[in-house]
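A.B. asks: Predicted model follows, preceded by the sequence.
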Amino acid sequence: MSFFDDKIAERLGGVNFGKSTQIYKFELIKRAKAAAKIEHPDIPIIDMGVGEPDWPADPLVVQILSQEAGKPENRWYADNGIPEFQHAAAQYLRNAYGVQIENPAENIIHGIGSKPVLALLPICFINPGDILLTTVPGYPVSATYTKYLGGEVFNLPLLESNSFLPDLESISHSVLKKSKLLYLNYPNNPTGAAATQEFFKRAVDFAHRYNIVVIHDAAYSALTYDGYKPLSFLSVDGAMDVGVEVHSLSKAFNMTGWRIGFICGNPKAVKAYATVKDNTDSGQFRAVQKAAVHAFNHLEITQATIDKYSRRFNLLVQALCELGFKAKKPKGSFYCYVPAPIGTEEGVQFKTAAGFSDFLIRSALISTVPWDDAGAYIRFSVTFEADSIEKENKVIEEMKNRMKKLKLKF
Ligand SMILES: Cc1ncc(COP(=O)(O)O)c(C=O)c1O
């Protein structure tokens, strides 16, 4: 026994920490990619699995960062943020979502990306035994923290038959009695589904009825297509009384590595987040916050990204349909979520989406992300590398040709 063997907290597995032989999905994908590269060094991988934009941040946003980075007044710990950021975020919510924020100082605080905000929120609310209701498949950060804190997680499956919205009425009374938080994410990763105003109204009503705080993860909210307008949970009457919304500049403004986002909503919830945040980090660099202010004031940056993704979705969906997939262009996000094939005409069988995804990378060098939480589905992302429209066409054409040879069965 080594010194650390009995030191690791139970929440990480205690004495069993590091002994699990289970290999996690993204590690499996990484390994399959590496193996495929070694086996076929001359064939480029077509990467449809990436969960971040292919474009860098807008040049003017980069310029603001470089101007602000050296200014002496920006050097300090930023703590819970600068007022310019809070005001610009409020204005952004008004311009992009039609949401009026009366008091940005009380309703908005930045985060070092939205991931840490989603991690810190359970610390604000979850006592041991409390339940977080969360949608699956999905982004697991709030659920992981809930478990760290001795809370429980109740999964709400996202099914095509319910437009990939959770069935809130299906939850038993005994679960509802212990439920403290409801995590929602629309447009959704990975299903690409968008919420409706009507669904958000039902969520607010549900929150009131059962005394449950809503966390709406709006990481993809700005990326919507074909007339579907960006929709904020906070645009629904009463939402501010029961919940918070977590926004990110990562996807809307191609700023994943910059680590900037914000929480907006109920002042008491925001204050609780501010308290935990203040004891966790010392704020994002002011120069990054100032660059973000510029981004907030330039919605055309997001529009250019939307135009690109929309164009790519049209190509991708058509190619997938021609191959036999039941693909539909999503209303939002940058993901196309389709049922996985069951096998090939040559007798290969796929028991899970993970099995198909592994086969696809090894036999056609196409990387995707599989989901088996609520049916066997594959996620194709339109953030693949292509620096011109011509190249986008080529990537999709090549993907189609490679997959055609596999003779997939559905
Ligand atoms: C649904 C969802 N929420 C939140 C995040 C975190 O984004 P960030 O921390 O970059 O703001 C991601 C990142 O992929 C995501 O997919």
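C.D. replies: Sure, I can see it.

A.B. asks: and the residue nearest the centre of the chain, how far is that from Leu365?
C.D. replies: By CA atoms, centre = their mean, the chain has its centre lying nearest to Asn189, at 5.0 Å. From Asn189 across to Leu365, the span is 24 Å (CB to CB, to the nearest Å). For every residue, glycine as well, the C-beta is placed using N, CA and C.

A.B. asks: same deal with Leu184?
C.D. replies: 36 Å.

A.B. asks: give me the number of residues near Ile8?
C.D. replies: 14 (other CB atoms under 10 Å).

A.B. asks: Is it in contact with Phe17, as I believe?
C.D. replies: Yes: checked against CB atoms under 8 Å, the pair Ile8 and Phe17 is within contact range at 4.1 Å.

A.B. asks: buried residues in the helix ranked longest in the chain?
C.D. replies: Counting by DSSP state H, the longest helix found in the chain is helix 299-323. Within helix 299-323, the residues that count as buried by 16 or more other CB atoms under 10 Å are 299, 301-302, 305-306, 308-309, 312-313, 315-317, 319-320, 323.

A.B. asks: cool, and stretch 36-54?
C.D. replies: For stretch 36-54, by 16+ other CB under 10 Å, it's Ala36, Ile46, Asp47, Met48, Gly49, Gly51, Pro53, Asp54.

A.B. asks: Look up phi and psi at the second one.
C.D. replies: Its backbone dihedrals place Ile46 at phi -100, psi 110, with angles given as degrees, to the nearest 10.

A.B. asks: Mind listing the residues bridging to it?
C.D. replies: Ile366 (DSSP bridges).

A.B. asks: ok now do it, which residues does it touch?
C.D. replies: Leu365, Ile366, Ser367, Phe384, Val395, Glu398, Met399, Arg402 (CB atoms under 8 Å, 6 or more residues apart in numbering).

A.B. asks: Return the residues of the stretch 1-150 of the chain in contact with the ligand.
C.D. replies: Within the stretch 1-150 of the chain, the positions near the ligand by CB under 6 Å from any ligand atom are Gly51, Gly113, Ser114, Lys115, Tyr139.

A.B. asks: Most neighbours among those, which one is it?
C.D. replies: Counting by other CB under 10 Å, top hit in those: Ser114 with 25 neighbours.

A.B. asks: For Lys30, give its distance to Val141.
C.D. replies: 20 Å.

A.B. asks: So between the two, which is more surrounded?
C.D. replies: Comparing Lys30 with Val141 by other CB under 10 Å, the one with more neighbours is Val141, at 20 against 14.

A.B. asks: isn't the more buried one right up against Ala119?
C.D. replies: Yes: counting by CB under 8 Å, Ala119 is a contact partner of Val141 at 5.3 Å.

A.B. asks: tell me the pLDDT at Phe325?
C.D. replies: The pLDDT attached to Phe325 in the predicted structure is 98.

A.B. asks: what's around it, how many residues?
C.D. replies: The number of residues packed near Phe325 is 21, by other CB under 10 Å.

A.B. asks: can you pull the buried residues of stretch 244-264?
C.D. replies: 244-256, 258-264.

A.B. asks: let me fix that: stretch 231-243
C.D. replies: For stretch 231-243, by 16+ other CB under 10 Å, it's Leu231, Ser232, Phe233, Leu234, Ser235, Val236, Ala239, Met240, Val242, Gly243.

A.B. asks: For those, which two are the farthest from each other?
C.D. replies: Maximum pairwise distance in the buried residues of stretch 231-243, criterion CB to CB, is 16.9 Å, between Leu231 and Val242.

A.B. asks: In contact with the nearest residue to Phe164 once chain neighbours are set aside, which residues?
C.D. replies: Closest residue in space to Phe164, ignoring its immediate chain neighbours: Ala193 at 3.5 Å, by CB to CB, 6 or more residues apart in numbering. By CB under 8 Å, 6+ apart, Ala193 lies in contact with Leu158, Ser163, Phe164, Leu165, Tyr186, Pro187, Pro330, Lys331, Gly332.

A.B. asks: Just the element for Ser142, please.
C.D. replies: Here Ser142 sits within helix 141-148, counting by DSSP states H and E.

A.B. asks: what comes up buried for the helix or strand following that helix?
C.D. replies: Using DSSP H and E, the next helix or strand after helix 141-148 towards the C-terminus is strand 152-157. Neighbour counts over strand 152-157 (16+ other CB under 10 Å) mark Glu152, Val153, Phe154, Asn155, Leu156 as buried.

A.B. asks: now those as JSON lines including distance to Arg209 and pLDDT?
C.D. replies: Putting the buried residues of strand 152-157 into JSON lines (distance: CB to CB, whole Å; pLDDT from 0 to 100) gives the following:
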{"residue": "Glu152", "distance to Arg209": "20", "pLDDT": "98"}
{"residue": "Val153", "distance to Arg209": "21", "pLDDT": "98"}
{"residue": "Phe154", "distance to Arg209": "17", "pLDDT": "98"}
{"residue": "Asn155", "distance to Arg209": "21", "pLDDT": "98"}
{"residue": "Leu156", "distance to Arg209": "16", "pLDDT": "98"}
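
A.B. asks: Give the single residue among these positioned nearest to Thr280.
C.D. replies: Closest to Thr280 out of the buried residues of strand 152-157 is Val153 (21.7 Å), distances taken as CB to CB.
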